[in-house]
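> model the structure of this input:
(one chain, ligands or ions: 2)
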Amino acid sequence: MLTSELRAFIQNIPKAELHCHLEGSIQPATLLKLALSNSIELPFENEAGARNFFEFKNLNQFIDILSFTASTLKTANDFETVTVELGADAARQKITYREVFLSYDAHQRRGIPWHIVNEGIARGRKIAQEKYNVEMWFIADIDRTTEKEVSLNMVELAHASRHDVGIIGIGMDSKEAGNPASRHKAAFERAKELGFRLVAHAGEDVGPESVWDALSMGIERIDHGVRAIEENKLVQHLVDIQIPLTICPVSNIQLKVFPTMAQHSIKQLMDAGVFVTINSDDPPMFGADVVENYLQVAETFNLIAADIEKLARNSFKAAFMDDVKSSKYLKEFTEKVAQLRTELFNEV
Ligand code: ADE
Ligand code: ZN
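Ligands and ions are numbered 1, 2, ... in the order given. You can find the predicted model right below:
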């Protein structure tokens, strides 16, 4: 059982989140409102129904459900609403900085013009900063199941709107099995040339070979990466290069990557010296926000305050920000942690 002090420490410690998807972060109440205004029929009528609907067998089935729920987003106002909600939700969890994945391909396939997505997000991001003091940046995700020409084109479009929308990087998500990152080599190369930061989901539904494949694309963080544990040489390599992993523990249980939290690889990776951060992925769909992810890991693996502090500090260290900004966030972090330690653990 976690002590109330450790719970309060987890709730109040400043955090950065580096792995959550805009389309997977629509709260059930908002989904219902969007569906109503955009004449989309959902297979549930209330929030309890949504919780029942969000039962997943595996990653591929989850992606199909996600594509369906994302289709409730139609107008610029819809995108603004969800972006502002991400800001409010961040503030509630003491997330002061958030990098959010955006699936342009999925919206384009549904015929939603780029400028609609961009207008809404640009407005929402500004409101989140002004109203909630939360800094948000976006990472445009390549859908790894698409053709290489499509991903290359997405990089060019992301480049054209990067300043308005706050697009900081290019990532890759969706169905991992049978869809190697290297198919999109040209897109990653072009993104690098354009000065984007590079990340990719890997080692979630496929084992170490997918992580090696993503690493060969020059990525700077690995989203999930939890199945790296299946190969000692890979774990050692991750330790050597200190590439951050953005792990989403509850997502991994919900999508059956590990049968239970006790069998999750996160603690083994931490103990081996891999650079680990904790994130939420698609919080309402997995029934767990960032705080809940920390709580479940802390409870399962008997973490202490020093472990939580390291994980949260890692989240700022792994963020795509320059040294000046990073020093500012880390200074605020250190001051707040000292205050919390005094208040909660009577440390001086
Ligand atoms: N898109 C949203 N969540 C995802 C996940 N966990 N893996 C791959 N693609 C995703
Ligand atoms: Zn993800």
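> do a quick rundown of the strands in the chain.
For the chain, the strands defined by DSSP state E cover 15-21, 95-102, 135-143, 167-173, 197-202, 221-224, 245-247, 276-278.
> now the fourth one - C-alpha only, PDB.
Included here for strand 167-173 are C-alpha records, laid out as PDB according to Å, rounded to 0.1, in the frame of the first residue of the first chain:
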ATOM      1  CA  ILE A 167       5.200  21.000 -34.400                       C
ATOM      2  CA  ILE A 168       8.500  20.000 -32.900                       C
ATOM      3  CA  GLY A 169       9.100  16.500 -34.200                       C
ATOM      4  CA  ILE A 170       8.100  13.600 -36.400                       C
ATOM      5  CA  GLY A 171       7.100  10.300 -34.900                       C
ATOM      6  CA  MET A 172       5.600   7.000 -35.900                       C
ATOM      7  CA  ASP A 173       2.700   5.000 -34.500                       C
END
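> next, give phi and psi for the residue nearest to L32 when sequence neighbours are not counted.
Nearest residue to L32 in three dimensions, chain neighbours excluded: L42, at 6.9 Å (CB to CB, 6 or more residues apart in numbering). All C-beta spots, glycine's among them, are computed from the backbone N, C-alpha and C. Per-residue torsions, L42: phi -100, psi 150 (degrees, to the nearest 10).
> L344 contacts A8, correct?
Yes - with contact taken as CB atoms under 8 Å, L344 and A8 are classed as touching, separated by 5.6 Å.
> who has more neighbours out of those two?
For L344 and A8, the more surrounded residue by other CB atoms under 10 Å is L344, and the numbers stand at 17 against 14.
> now do the contacts for the more buried one.
Taking CB atoms under 8 Å, 6 or more residues apart in numbering as the criterion, L344 is in contact with 5, 8-9.
> near ligand 1, which residues of the stretch 201-348 of the chain are found?
By CB under 6 Å from any ligand atom, the part of the stretch 201-348 of the chain that sits against ligand 1 consists of 201, 204, 251, 281-282.
> quick check: the residue of the stretch 101-250 of the chain nearest ligand 1.
D173 (3.4 Å; CB to the nearest ligand atom).
> next up, the contacts around that residue.
Applying CB under 8 Å, 6+ apart, the residues near D173 are 21, 101, 103, 141-144, 201, 223.
> and those as JSON lines, adding pLDDT?
Listed next are these as JSON lines, based on pLDDT from 0 to 100:
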{"residue": "H21", "pLDDT": "98"}
{"residue": "F101", "pLDDT": "98"}
{"residue": "S103", "pLDDT": "97"}
{"residue": "D141", "pLDDT": "98"}
{"residue": "I142", "pLDDT": "98"}
{"residue": "D143", "pLDDT": "98"}
{"residue": "R144", "pLDDT": "98"}
{"residue": "H201", "pLDDT": "98"}
{"residue": "D223", "pLDDT": "98"}
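> next one: the residue lying closest to S315 once chain neighbours are set aside relative to D282, how far apart?
Sequence neighbours aside, A16 is the residue nearest to S315 in space, at 4.0 Å (criterion: CB to CB, 6+ apart). From A16 across to D282, the span is 18 Å (CB to CB, to the nearest Å).
> also H237?
Using CB to CB, one obtains 28 Å as the distance from H237 to D282.
> neighbour-wise, which of the two wins?
Of the pair H237 and D282, D282 is the one with more neighbours under other CB under 10 Å, namely 26 against 17.
> before we move on, back to that, generate a PyMOL selection restricted to the buried entries among the contacts of D173.
One line in PyMOL is enough to select the buried members of the contacts of D173, burial here meaning 16 or more other CB atoms under 10 Å:
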select buried, resi 21+101+103+141+142+143+144+201+223
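> which regions of the chain lie under the pLDDT threshold?
Across the chain, nothing is flagged by pLDDT under 70.
> rerun that using 90 as the cut-off
Counting by pLDDT under 90, the low-confidence segments of the chain come to 1, 50-51, 346-348.
> where does the longest helix along it sit relative to the chain's centre, distance-wise?
For the chain, the helix with the greatest residue count under DSSP state H is helix 323-345. Computed by CA atoms, centre = their mean, to the nearest Å, the separation of helix 323-345 from the middle of its chain amounts to 23 Å.
> buried residues, it. List them.
Buried residues in helix 323-345, defined by neighbour count with 16+ other CB under 10 Å: 329, 333, 336-337, 340-341, 344.
> and of those residues, the nearest to ligand 1?
Looking across those and measuring by CB to the nearest ligand atom, the closest to ligand 1 is Y329, at 25.6 Å.
> need the contacts of L344 in a markdown table (columns: distance to ligand 1).
Formatted as a markdown table, the entries for the contacts of L344 read as follows, by distance: CB to the nearest ligand atom, whole Å:
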| residue | distance to ligand 1 |
| --- | --- |
| E5 | 32 |
| A8 | 29 |
| F9 | 27 |
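> which of the residues you listed lies closest to P180?
Distance to P180, by CB to CB, is smallest for F9 among the contacts of L344, at 40.6 Å.
> for that closest one, give me its contacts.
305, 308, 340, 344-345.
> ok, which of the strands of the chain comes nearest T260?
Taking CB to CB as the measure, the strands of the chain were each checked against T260, and strand 245-247 came out nearest at 15.7 Å.
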